[in-house]
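Trainee: kindly generate the corresponding structure for this input.
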Amino acid sequence: MAESLVEPLTNDMLWMQHHGIINVANSILNSIDLDQTVANLMVTARNDGYTQGHTECTQHVTDALRVDWDTSRSAMRGVDTSAAHAATKAEYNNLRLPVMDLVTTALQSKDFVVQLKEIFPDEAGASNEEDLE
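Mentor: Down below sits the predicted model:
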C-alpha cells in the first residue's frame, strides 16, 4: 500500500528533476520577449555609455586646451540617452513572461506536476522511472 503512494511521488520528483526544471529554464532563456528586452538594454547601455564618454572627453579637452569644444554637430546633442537607458532598465525589471504566469499558477496547485506536464507536453511522456534514468 505504501509503495503505491510513494511511486507516483517518486516519478513526479524525477520528472521535475530531469524535465520540469529544464523546461522552465529553457522557456525563460529562449523567450523572444526576453531576447528583445535584453538586446534593447544592451543598445541603450552602449548609447548612454558612448554619450557619457563623449561628454567627459569633451570636458577634458576643454579643460586641457582652455577652449570651448564645438559639440553642435555631435550625434548625441540633445538626446537624453540616460532616460532611454533608465526606461529600458525599468522595462527589463518589470518584464513578465507568459510562461512564468502559467508556471506560477501551476505551482500553486496541489497537482502541480500534472499541470506542468500540460504546459510542457513534449516531455509529458517521460513520466515513468525507466524513461528518466
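
Trainee: next, the buried residues of the helix or strand harbouring residue 92.
Mentor: Using DSSP states H and E, residue 92 maps to helix 81-93. For helix 81-93, the neighbour count (16 or more other Cβ atoms under 10 Å) marks 81, 84-85, 88 as buried. In short, each C-beta sits where N, CA and C put it, glycine included.

Trainee: then stretch 5-14?
Mentor: 11-12, 14.

Trainee: ok, stretch 21-41 next?
Mentor: 23-24, 27, 31, 37, 40-41.

Trainee: give me the helices and strands touching the helix holding residue 92, please.
Mentor: Counting contacts by 3 or more Cβ pairs under 8 Å, 6 or more residues apart in numbering; DSSP states H and E, helix 81-93 is packed against helix 32-65.

Trainee: so for the helix it packs on, mean pLDDT?
Mentor: Summarised as a single mean, pLDDT over helix 32-65 is 92.

Trainee: compute the inter-axis angle for it and helix 81-93.
Mentor: Counting by axes from the mean of the first three to the mean of the last three Cα atoms, to 10 degrees, helix 32-65 lies at 160 degrees to helix 81-93.
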